[in-house]
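1. Make a model of this:
(one chain, ligands or ions: 2)
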Amino acid sequence: MTGNHSNGKTIMTLTGNLFIAGQRRSSDERFQALDPSTDKAIPEPGFAIAEPADVDAACEAAEAAYAIYSNLPLEKRARFLEAMADEIDSLGDTLTERACAETGLPEARLTGERGRTVGQLRLFAQVVRDGAWQGVRIDNADPDRTPPKPDLRLRKVPLGPVAVFGASNFPLAFSIAGGDTASALAAGCPVVAKGHPAHPGTSELVAGAIMRAAEKTGVPTGMFSLLNGTSHELGTALVSDPRIQAVGFTGSRKGGEALMKVAAARKQPIPVYAEMSAINPVILLPSALESRGDALAQAYVGSVTMGAGQFCTNPGLVLAMQGEALENFAEAVGDAIHKAAPQVMLTHGIRQQFGAGKAELSAETNVTLLGEGVAPSNECQSSAAIFRTSAAEFMKNPSLGEENFGASSIIVECDDLDQLQSLLAGLEGQLTAALHMDEADYGMAGKLLPVLEKKAGRVIANGWPTGVEVSHSMVHGGPYPATSDPKSTSVGTLAIERFLRPVCYQDLPPELLPACLAGQGPDGAIRLIDGVWKI
Ligand SMILES: NC(=O)C1=CN([C@@H]2O[C@H](COP(=O)(O)OP(=O)(O)OC[C@H]3O[C@@H](n4cnc5c(N)ncnc54)[C@H](O)[C@@H]3O)[C@@H](O)[C@H]2O)C=CC1
Ligand SMILES: O=C(O)CCC(=O)C(=O)O
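-> Ligands and ions are numbered 1, 2, ... in the order given. Okay, here's the model as predicted:
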């Protein structure tokens, strides 16, 4: 990729090359980016396919950079993250236009996603500066105690190089400079990114922005590499490399599980933070359903069809008690879904899988198709579908609880609260669970909360799961198979914890202690001294 500047914007020409520690690397074998709205190749360039030697070179550079990058002054690390944000902003329309062409997502969505991506990087810069992430704890020595108590000091250190898999459905916010990369770099870990083959040009533009930020802020270039390719062997080789110490992934359950197996089979197993599949139950409690069923129906269809339903937070399951209010709601949903425009999906494969999922649901006995969106005008589009069944059927047939990635959802009618509770208790782990309720529903909601918090990483009141806020208290995680690790989040500042581990220093002379542990810990950052939190 080459670049120059005009009116403060960076103009980029794609080369299709890999980025290994600041060097562009070509290859004889190349693949083309595809436009999902036509299934045709986007004209030149072809994109280089990483070979085993490239994986080796990227991991070697990451390991070498780790020693330097992890020990940089926090201010320098924070400035690097901010420079990344500035460079991505300065790509302007070049970035969003390329992402539109490669994903079929609308421009407004990608402009918003770019804002979310740079906002996320700037938020992590603040987190780095603040220093509380180091988790400093100091237990002062007590030589007079029997037995004598040693001086113990704890801080968290970065794990080492992290492999990040870019997600197809968020080409910016969950891809090359997305939440996994931002939190790993904030923690002090170099990143070797595996670009998603569905948006290689977008990945190259973002990787170029990261490289320019590194050059401007003087961080070692080995702390970031971008590998591209179309085979699973590339991802397997990356996760198998002994220098990689953790993995960040957003994608299919099948892909996430495959990488978990690779990581577990290594001589040194490593953590995999995979965000995989969820159907995100939404419960419509009786008073809310009665008082505002029509508005709920419109909002539900809006959430299901947003971005062609290609969100892991898509509301794939709606639960309500039988009765007239549910019938009215179902009718309004049927009306609204019939008007939903067909949409281009991210890839040919995702479109086919979605179509097959809809066909399977349609073929189920005791499941009815409540309504479908406007028929596609060409074979590259898909239409939304909403199904309906009973709680008894849903509980009998586990395939109804599986994610069908795309604008598809099922409404399930429950006989009573007991049946609703049993159904929820049988669900797999979820990213979210939502309750729509009026004050009159609070009693019932209170009874459901224990099962919801057991199943999901985020419990929502009177809202829809799509659209995750990037903030300090966000949890975008949940029990398996929503993610591979229920103790973590892939969005929000707590995501940094995934790439840190605690080290305790016992009786080390002050001259040898890391700066944040010398004296009584860093000023300004919260720390635990002899059991008391101090700032
Ligand atoms: N729940 C969610 O958030 C998402 C779910 N999906 C699901 O995944 C399906 C395919 O979409 P993709 O985005 O391509 O996801 P994917 O899981 O197939 O691929 C994601 C990344 O992992 C790599 N990968 C996949 N399987 C692998 C394996 N066995 N070994 C090594 N590397 C592997 C791919 O090359 C790619 O870089 C969709 O149809 C949908 O069902 C996709 C995106 C998000
Ligand atoms: O709904 C969102 O904003 C995030 C969704 C997400 O994480 C995903 O689809 O992978």
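
2. got a list of what the closest residue to A391 other than its chain neighbours touches?
-> Leaving aside its chain neighbours, A391 sits nearest to C414 (4.3 Å; criterion: Cβ to Cβ, 6 or more residues apart in numbering). Where C-beta positions appear, they are placed from N, C-alpha and C, glycine not excepted. The contact partners of C414, by Cβ atoms under 8 Å, 6 or more residues apart in numbering, come to L319, A320, M321, Q322, A391, L420, L423.

3. which one of those is nearest G166?
-> Nearest to G166 among the contacts of C414 is L319, at 33.6 Å by Cβ to Cβ.

4. Just list what the helix or strand where that closest one lies packs against, helices and strands only.
-> Following DSSP states H and E, one finds L319 within strand 317-321. With contacts taken as 3 or more Cβ pairs under 8 Å, 6 or more residues apart in numbering; DSSP states H and E, strand 317-321 sits against strand 281-284, helix 286-305, strand 408-414, helix 417-425.

5. out of the contacts of C414, which are buried?
-> Buried by 16 or more other Cβ atoms under 10 Å: L319, A320, M321, A391, L420, L423, out of the contacts of C414.

6. for these, which one is nearest ligand 1?
-> Using Cβ to the nearest ligand atom, L319 comes nearest to ligand 1 of the buried ones among the contacts of C414, at 20.2 Å.

7. Quick check: bridge partners of the closest one?
-> Under the criterion DSSP bridges, L319 forms beta bridges with I283, V412.

8. Report whether the expected contact of it with V412 is present.
-> Yes - with contact defined as Cβ atoms under 8 Å, L319 counts as touching V412 (5.2 Å).

9. tell me the most buried of the helices and strands packed on strand 317-321?
-> Mean neighbour count (mean count of other Cβ atoms under 10 Å) peaks for strand 281-284 among these, with a mean of 26.

10. do that one and ligand 2 meet at all?
-> No - applying Cβ under 6 Å from any ligand atom, one finds strand 281-284 separated from ligand 2 by no less than 13.8 Å.

11. Which other helices and strands does that strand contact?
-> Helices and strands touching strand 281-284, by 3+ Cβ pairs under 8 Å, 6+ apart, are helix 286-305, strand 317-321, strand 430-436.

12. how big is the angle separating the longest one from strand 430-436?
-> Here helix 286-305 runs at 140 degrees with respect to strand 430-436, directions being taken by axes from the mean of the first three to the mean of the last three Cα atoms, to 10 degrees.

13. What angle do strand 317-321 and helix 286-305 make with each other?
-> Interaxial angle, helix 286-305 versus strand 317-321 (the same axes, to 10 degrees): 160 degrees.

14. Show me what helix 286-305 is packed against.
-> Judged by 3+ Cβ pairs under 8 Å, 6+ apart, helix 286-305 is in contact with strand 281-284, strand 317-321, helix 324-338, strand 408-414, strand 430-436.

15. and the second one with helix 417-425, angle?
-> Going back to what we said before, that points to strand 317-321. Using the same axes, to 10 degrees: strand 317-321 against helix 417-425 is 170 degrees.

16. Ok, the third one next?
-> Between the axis of helix 324-338 and that of helix 417-425 there is an angle of 40 degrees, by the same axes, to 10 degrees.

17. in helix 324-338, what counts as buried?
-> Within helix 324-338, the residues that qualify as buried are A325, L326, F329, A330, A332, V333, G334, A336, I337, counting by 16+ other Cβ under 10 Å.

18. Now do the contacts for the second one.
-> Translated: L326. For L326, the contact set (Cβ under 8 Å, 6+ apart) comprises L284, L289, A320, E413.

19. Quick check: of those, which lies closest to Q134?
-> The closest of the contacts of L326 to Q134 turns out to be L284 (Cβ to Cβ; 44.3 Å).

20. Distance-wise, check the closest residue to V304 other than its chain neighbours relative to K455.
-> In space, and not counting its chain neighbours, V304 is closest to S409: 4.8 Å by Cβ to Cβ, 6+ apart. Counting by Cβ to Cβ, to the nearest Å, the gap between S409 and K455 amounts to 18 Å.

21. go on, A461?
-> 16 Å.

22. So those two - more neighbours on which side?
-> K455 (23 against 9; other Cβ atoms under 10 Å).

23. Quick one: the strands in the stretch 401-535 of the chain, in order.
-> 408-414, 430-436, 456-461, 500-506, 527-529, 532-534 (DSSP state E, counting those that start in this stretch).

24. Let's verify E82: helix, strand, or coil?
-> helix (DSSP: H, G, I helix; E, B strand; the rest coil).

25. Pretty sure it sits against R122.
-> Yes - E82 lies in contact with R122 (Cβ under 8 Å); the separation is 5.9 Å.

26. the more surrounded of the two?
-> Of the pair E82 and R122, E82 is the one with more neighbours under other Cβ under 10 Å, namely 19 against 16.

27. ok, now which ones touch the more buried one?
-> With contacts defined as Cβ under 8 Å, 6+ apart, E82 is in contact with L121, R122, A125.

28. Give me the subset of the residues you listed that lies in helices.
-> L121, R122, A125 (DSSP state H).

29. ok, L205 to ligand 2 distance?
-> Distance, L205 to ligand 2, by Cβ to the nearest ligand atom, to the nearest Å: 21 Å.
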